[in-house]
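Asks: sequence plus predicted model, see below.
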Amino acid sequence: ALTFDAGPGRDTAELLDILKAKRVNATFFLLGNDIQTRPQLVTREAMEGHEVGNHSWTHPRLTEVSDAEIRRELSRVQDRVKQLTGRTPTLMRPP
């Protein structure tokens, strides 16, 4: 499986162009801060058949925050991705 963490970033559009040209799908584990900055890329990732996963909102060390904070971190990404794509992520990669 081809996976990418911590985006979408400044090079994501070019990466998506390459993946499309090569007919390759990937999984993108997204950060909330980057989702807010580049929501159109989140939508594009999903529309082009890529899996969109959760990488937390602010990338904390999950072993160093409370259970409640972990839930907040993950829930915020889940909710925002669903708003943008109509789908709730089913995968999560811990920071």
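Replies: Okay, I see it.
Asks: which ones are touching M92?
Replies: 29, 53-55, 74 (C-beta atoms under 8 Å, 6 or more residues apart in numbering). In short, each C-beta sits where N, CA and C put it, glycine included.
Asks: now do the strands in the chain.
Replies: Ranges of strands in the chain, per DSSP state E, are 3-7, 27-30, 51-54.
Asks: would you format those strands as CSV with mean pLDDT, distance to P95 and mean neighbour count included?
Replies: Listed next are the strands of the chain as CSV, based on pLDDT from 0 to 100; distance: least, C-beta to C-beta, whole Å; neighbours: other C-beta atoms under 10 Å:
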stretch, mean pLDDT, distance to P95, mean neighbour count
strand 3-7, 93, 8, 17
strand 27-30, 98, 9, 23
strand 51-54, 98, 10, 21
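Asks: now tabulate these in JSON lines and tack on distance to P94.
Replies: As requested, the strands of the chain are exported to JSON lines (distance: least, C-beta to C-beta, whole Å):
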{"stretch": "strand 3-7", "distance to P94": "10"}
{"stretch": "strand 27-30", "distance to P94": "9"}
{"stretch": "strand 51-54", "distance to P94": "10"}
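Asks: tell me which of the ones you listed approaches R93 most closely.
Replies: Counting by C-beta to C-beta, R93 lies closest to strand 27-30 out of the strands of the chain; the figure is 4.3 Å.
Asks: give the pairing partners of that closest one; include direction for each.
Replies: strand 3-7 (parallel), strand 51-54 (parallel) (DSSP bridges).
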